[in-house]
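In: just need the structure, nothing else, for what follows:
(2 chains)
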Amino acid sequence: MTEAIVEVRGIGKTYDNGVEALRDVNLSFPKGQLSTLLGPSGCGKTTLLKIIAGLIPRNAGEVLVKGKPVDGPGPERAFVFQDFALLPWADVLRNVAFGLELRGTPRPQREEVARKYIAEVGLKGFEHRHPAQLSGGMRQRVGLARALTVDADIILMDEPFSSVDEQTRRKFQEDLLDLLRHHQKTVIFVTHSIEEAAYLSDQIALLSPRPGTVSRIVKPDVDRKKAPDEIRRDRGYLDTVDEIWGMLRQYV
Amino acid sequence: MKTLLSLVVWAVLWELAGRLKISTIVPPFSAVIEAAIEIAPTEKFGKAAIITLRSFGLGMLFALLIGIPLGIVMARVKGVGRLLGMWVNIFVSAPISALVPILMAVIGIGETTVVVTVFLFAVFVITLDTQVGITHADRSLVEMARSFGASRAQLYTKVLVLSALPEILAGVRLGAIRGVKGVVIGQLLVAIIGVGELFEVYSNNFLMEEFWALVTIVFLFAFAISEAIAALERRVEYYAASR
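Out: Coordinates of the predicted model:
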């Protein structure tokens, strides 16, 4: 068992309008692995991710990062947003370097780092385009590059592919796996797609809705050394998808 | 091109109306242009223009310095927004001209009154548009900046204000147009300074060519300012297109 880099204990969240989004959520996220929060809409998975990110306050419980309780955003965690959250007035280079800009890294250094990651996500040559000139898939690559640039150990991704078309999504998933393994990142990933979760994850936490709580933890038995197309035909992959669907169908 | 054509058509119609002597208050357009060329280099006009531009500039400066920060505070601090929102909305649609006589009584008959008039004409629409812009600033951009550790100051300078820039500029443009009205109305009512004094002199002595020449110059000035800000707005709109 790998050590946990992020732990949540007894997390509870009730919104101002009285809706209880999360109740007594306990989870640990192993270092260097990709964990998915999976569940139907309204199960509080994005809320949980944003609590881990320190972006919204919780009503109960605690979040431990590397063993220390945290109460807000921190440099060891970087967020990739569902709607990309790119500055429309800034070009790709400035957007990718924005995390470092906020930290006060001098311009030449931060742009050098940004250029490196722009190339890694496959956007070389687009440094001076603006977000409005990019497709959805390219915009999300900018969002990913921005998260990688700040060199956080933990990357939090909130349904990053939901506004991206299916072909782009598959390619992006494959690239994402390569990149993350290469950089030894711990990833916490929110999705409502069972296939996506089974394809990407080392660990899947299934959340049941209203109030959201962890109902099962599944560890897909998928051989990741295989080629992407083979994984999608892999026994372990297909069994995981069936198993999860069997558990989730009761909530739908 | 279309604008130019439309201007030519109106100039020709005006010229005809003047030549036909429909009314003594409408001289031919060519005579007005002649008068404009004649009065523009005079010392009297120069002085009036400088005083007027100074009042306008000062009034607008205060309107920007107070209007934009006030709008930001109203958008970000709920209590302040609720407290002042109603008043700003009332004053944005209120006929400010009616207040000028009171200002004259309180502040006196002079340039200060005109500056305050320009300020009052311009400030409320700037505040209101800034508030709208900041309120509607992309929430996920704010969240993004926070997640990457933005300080409070960075959040404002690097995200909120830029995100609201299209609305703020729209407010500034409307404010500047109102400010031109404010400076003319202020000077007319005070009646002894700047362009307002010239207007009084020309209309009392029935110098219609000069009167219309002055009107045309003021119109052109307002139009030029509005177009300059609009050009800036279009640049910003382009970058904000993906919002």
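
In: residues of chain A that sit close to chain B?
Out: Within chain A, the positions lying close to chain B (Cβ under 8 Å from any Cβ of the partner chain) are A:50, A:53-55, A:73-75, A:77-79, A:81, A:83, A:85-89, A:98-99, A:101-103, A:130-132, A:146, A:150. C-betas here are computed from N, CA, C, even on glycine.

In: give me the buried entries from those residues.
Out: Neighbour counting by 16 or more other Cβ atoms under 10 Å in any protein chain shown classes A:50, A:53-55, A:73-74, A:77-79, A:81, A:83, A:85-89, A:98-99, A:101-102, A:130-131, A:146, A:150 among these as buried.

In: just the pLDDT for the closest residue to chain B within the stretch 101-250 of chain A.
Out: Nearest residue of the stretch 101-250 of chain A to chain B: A:Ala132, at 3.8 Å (Cβ to the nearest Cβ). pLDDT for A:Ala132: 82.

In: can you confirm it is in a helix?
Out: Yes: A:Ala132 sits within a helix when classified using DSSP: H, G, I helix; E, B strand; the rest coil.

In: pretty sure it contacts A:Pro88?
Out: Yes: between A:Ala132 and A:Pro88 there is a contact at 6.3 Å, judged by Cβ atoms under 8 Å.

In: now do the end-to-end distance for stretch A:71-84.
Out: Using Cα to Cα, to the nearest Å, the end-to-end distance of stretch A:71-84 comes out at 24 Å.

In: give me the residues contacting that stretch.
Out: A:46, A:52-55, A:65-66, A:99, A:103, A:131, A:136, A:139-140, A:142-144, A:146-148, A:150, A:152-160, A:162-163, B:140, B:143-144, B:146-149 (Cβ atoms under 8 Å, 6 or more residues apart in numbering or on different chains).

In: domain map for chain B?
Out: Following automatic domain parsing, one finds the domains of chain B at B:1-39, B:40-240.

In: could you pull up the mean pLDDT of the first one?
Out: Mean pLDDT, computed over domain B:1-39, is 82.

In: so what would you say the end-to-end distance of that domain is?
Out: Length of domain B:1-39, first residue to last, Cα to Cα: 29 Å.

In: so which bits of that domain are buried?
Out: Buried-residue list, domain B:1-39, by 16+ other Cβ under 10 Å: B:14-15, B:18, B:26-29, B:31-33, B:35-36, B:39.

In: does A:Ile188 count as helix, strand or coil?
Out: strand.

In: what sits opposite it in the beta ladder?
Out: When bridges are called by DSSP bridges, A:Ile188 pairs up with A:Ser35, A:Leu156.

In: contacting residues for A:Arg23?
Out: Contact analysis of A:Arg23 by Cβ under 8 Å, 6+ apart lists A:12, A:211-213.

In: those in strands, which ones?
Out: Secondary structure from DSSP state E places A:12, A:213 of these in strands.

In: by neighbours, which of the contacts of A:Arg23 wins?
Out: Neighbour counts for the contacts of A:Arg23 (other Cβ atoms under 10 Å in any protein chain shown) peak at A:Gly212, which has 26 neighbours.

In: which strands and helices lie in contact with the helix or strand where B:Val80 lies?
Out: Here B:Val80 sits within helix B:78-93, counting by DSSP states H and E. For helix B:78-93, the contact count by 3 or more Cβ pairs under 8 Å, 6 or more residues apart in numbering or on different chains; DSSP states H and E identifies helix B:43-76, helix B:111-135 as packing neighbours.

In: just checking, what packs against the last one?
Out: The helices and strands touching helix B:111-135, judged by 3+ Cβ pairs under 8 Å, 6+ apart, are helix B:43-76, helix B:78-93, helix B:100-107, helix B:161-163, helix B:165-190, helix B:194-204.

In: list the buried residues in the third one.
Out: In terms of neighbour count (16+ other Cβ under 10 Å), helix B:100-107 has its buried residues at B:100, B:103-104.

In: list of residues touching it?
Out: Helix B:100-107 is contacted by residues B:113, B:116-117, B:185-186, B:189-190 when judged by Cβ under 8 Å, 6+ apart.

In: with the last one instead?
Out: Residues from elsewhere that reach helix B:194-204, judged by Cβ under 8 Å, 6+ apart: B:44-45, B:48-49, B:51-52, B:55, B:111, B:114, B:183-184, B:186-191, B:207-208, B:210-211, B:214, B:218.

In: lowest-confidence helix or strand of chain A?
Out: For chain A, the helix or strand with the lowest mean confidence is helix A:228-231, at a mean of 77 (criterion: mean pLDDT, DSSP states H and E).

In: from the chain's centroid, how far away is that one?
Out: Taking Cα atoms, centre = their mean, to the nearest Å, one finds the center of helix A:228-231 at 22 Å from the center of the full chain.

In: packing partners of whichever helix or strand comes after it?
Out: Going down the chain from helix A:228-231, the next helix or strand is helix A:235-248, by DSSP H and E. On a contact count with 3+ Cβ pairs under 8 Å, 6+ apart, helix A:235-248 meets helix A:194-200, strand A:203-208, strand A:213-218.

In: what helices and strands are in contact with the last one?
Out: Right, the one you point to is strand A:213-218. strand A:20-30, strand A:203-208, helix A:235-248.

In: for it, buried residues please.
Out: Neighbour counts over strand A:213-218 (16+ other Cβ under 10 Å) mark A:213-215, A:218 as buried.

In: residues in contact with it?
Out: A:22-27, A:203-208, A:240, A:243-244, A:247.

In: which one of the buried residues of domain B:1-39 is nearest chain A?
Out: Of all those, B:Ala36 has the smallest distance to chain A: 41.1 Å, by Cβ to the nearest Cβ.
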